[in-house]
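Asks: attaching a predicted model along with its sequence, questions to come.
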Amino acid sequence: MGPTDLLSLPHIEATGSMATTELETSMKHMNVSMSNPKQNGALVISLDFELYWGVRDVRRIENYRETILGERLVVPALLKLFHEYHIHATWATVGFMFCETREDLIRESPGKKPRYTNQILSPYPHLNHIGRDEQEDPFHYAPSLIKLIASSAHQEVASHTFSHYYCLEKGQDIETFSDDLLAAKKVASRYKINMESLVFPRNQFNGEYLSVCKELGFKAYRGNECSWIYRAKSREHESLFRRAVRLLDAYMNISGHNCYSLEEVPCEVPVNIPSSRFLRPFSKRLRLLEPLRMRRILADLTYAAKHGLIYHLWWHPHNFGDNTEDNLAFLKTILDHYLSLKQTYAMESLNMGELSQSVVDRNGSRYDSQLAGTAVQLTHGL
């Protein structure tokens, strides 16, 4: 907080409740979370489960083959680790991956598809080049892994849209987004999974599309950190400078701890559960900086636990597809620290669905009234 921010604080002449209220209000406007001794801190983990669908427009499959095959081994390894540490997590899964065969995928695809100006962004022309099923093509199908996740305790299967849909790219619109999201809900329902949480691919959050999410029964979504370096942008408007600052932020405290209290989560449907930190994968080139990356995350977690705040960590399983042992060891150190904070400060582990339920419990009938009618609309849509 600099001199200008200090000058903007209200003048406090007394230590009474009115002065305290004014100070808290001012700090919230400056995006500084207040301590909340009555609320336990919480670690929220979400994973963007994509296989090749998440990188097909930026990487050639022959160059990323081993990473994706590694991802398929990472998923059960993560589930085992989460079970050992009693971690509740959300797995935002691309809808294509629920399909059993290519014919199944084509049949489940929506009639109206996004018409991206940059045609390489559309996965639909790519469907003619994928294999027949999961056994023949482990890069595009994942029914076995989805069933494994869904059968694991405290693991939430959420949506990453049907086609890894880009909500800020030119050529797409709210109508094709709605059809895409409906297709994702339908294909998941075949597994008796009712998806209620959503992660926007590439973190391309689009506020205009939240009404569609609400109509289709989504109760939560992962928003972005409040810092300007994490503000949602299209691929065209992203800059190397912002990416460089985000990289630096992984090792040094540039944007703050990005934690928040339950009271700061607005009672709006769907509930915004912002991310706090992307868990960057191990890099051999940056291995000397690993202690800084670890210290950054552990400091964030400690701050959240001490002040009763929420800390939302996320990554892609394919980030662990290379250097798997190093990445799992790094995560294990984080989870060991979480256990220590759980014992000392009663920190909890929650998935996105459970945290949104906490918001429901806090707001009661006000939240329920916002949900009125969505179940009927969804039933008619399916």
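Replies: Sure thing, it's come through.
Asks: C-alpha only now, for contacts and for neighbours.
Replies: Noted.
Asks: all helices for the stretch 251-382 of the chain, in order.
Replies: For the stretch 251-382 of the chain, applying DSSP state H, counting those that start in this stretch gives helices covering 290-307, 324-345, 352-363, 365-371, 374-381.
Asks: how many other residues sit next to the closest residue to residue 226 other than its chain neighbours?
Replies: Nearest residue to residue 226 in three dimensions, chain neighbours excluded: residue 258, at 7.6 Å (C-alpha to C-alpha, 6 or more residues apart in numbering). Residue 258: 22 surrounding residues under other C-alpha atoms under 10 Å.
Asks: check contacts around residue 258.
Replies: 225-226, 275-277, 300, 311 (C-alpha atoms under 8 Å, 6 or more residues apart in numbering).
Asks: now list the buried members of these.
Replies: Applying 16 or more other C-alpha atoms under 10 Å to the contacts of residue 258, the neighbour count classes 225-226, 275-277, 300, 311 as buried.
Asks: in strands, which of those fall?
Replies: Of the buried ones among the contacts of residue 258, the ones assigned to strands by DSSP state E are 277, 311.
Asks: now, the most widely separated pair of the buried ones among the contacts of residue 258?
Replies: For the buried ones among the contacts of residue 258, the farthest-apart pair by C-alpha to C-alpha is 226 and 300; their separation is 15.4 Å.
Asks: can you lay out the contacts of residue 258 as TSV showing pLDDT and distance to residue 341?
Replies: Listed next are the contacts of residue 258 as TSV, based on pLDDT from 0 to 100; distance: C-alpha to C-alpha, whole Å:
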residue	pLDDT	distance to residue 341
225	76	23
226	74	25
275	95	20
276	95	17
277	94	18
300	96	12
311	97	13
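Asks: below-threshold pLDDT in the protein: ranges please.
Replies: 1-38, 228-230, 232-238, 364-382 (pLDDT under 70).
Asks: quick one, the longest strand along it and helix 290-307 angle?
Replies: Criterion DSSP E: the longest strand present in the chain is strand 42-49. When axes from the mean of the first three to the mean of the last three C-alpha atoms, to 10 degrees is applied, the directions of strand 42-49 and helix 290-307 differ by 130 degrees.
Asks: so what touches the helix or strand that comes right after strand 42-49?
Replies: Note on strand 42-49: by DSSP states H and E, the next helix or strand toward the C-terminus is helix 61-85. Helix 61-85 has contacts (C-alpha under 8 Å, 6+ apart) with 51-52, 88, 138-139, 145, 148-149, 152-153, 317-322, 324, 328, 332, 335, 339.
Asks: tell me how far helix 61-85 lies from the chain's centre.
Replies: The chain centroid and the centroid of helix 61-85 are separated by 18 Å, computed with C-alpha atoms, centre = their mean, to the nearest Å.
Asks: swap in stretch 257-264?
Replies: Centroid separation for stretch 257-264 versus its chain: 16 Å, with C-alpha atoms, centre = their mean.
Asks: who's in contact with the closest residue to residue 328 other than its chain neighbours?
Replies: Of all residues not flanking residue 328 in the chain, residue 320 sits nearest, at 7.4 Å (C-alpha to C-alpha, 6+ apart). Listed by C-alpha under 8 Å, 6+ apart, the contact partners of residue 320 are 70-71, 74, 281, 327-328.
Asks: reformat those residues as JSON lines; add neighbour count and distance to residue 209.
Replies: Listed next are the contacts of residue 320 as JSON lines, based on neighbours: other C-alpha atoms under 10 Å; distance: C-alpha to C-alpha, whole Å:
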{"residue": "70", "neighbour count": "19", "distance to residue 209": "34"}
{"residue": "71", "neighbour count": "25", "distance to residue 209": "31"}
{"residue": "74", "neighbour count": "22", "distance to residue 209": "32"}
{"residue": "281", "neighbour count": "21", "distance to residue 209": "31"}
{"residue": "327", "neighbour count": "19", "distance to residue 209": "35"}
{"residue": "328", "neighbour count": "18", "distance to residue 209": "35"}
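Asks: leaving out sequence neighbours, find the closest residue to residue 279.
Replies: Using C-alpha to C-alpha, 6+ apart, the nearest residue to residue 279 is residue 315, at 5.4 Å.
Asks: pull the contacting residues for the one you found.
Replies: Counted by C-alpha under 8 Å, 6+ apart, residue 315 has contacts 46-48, 278-280.
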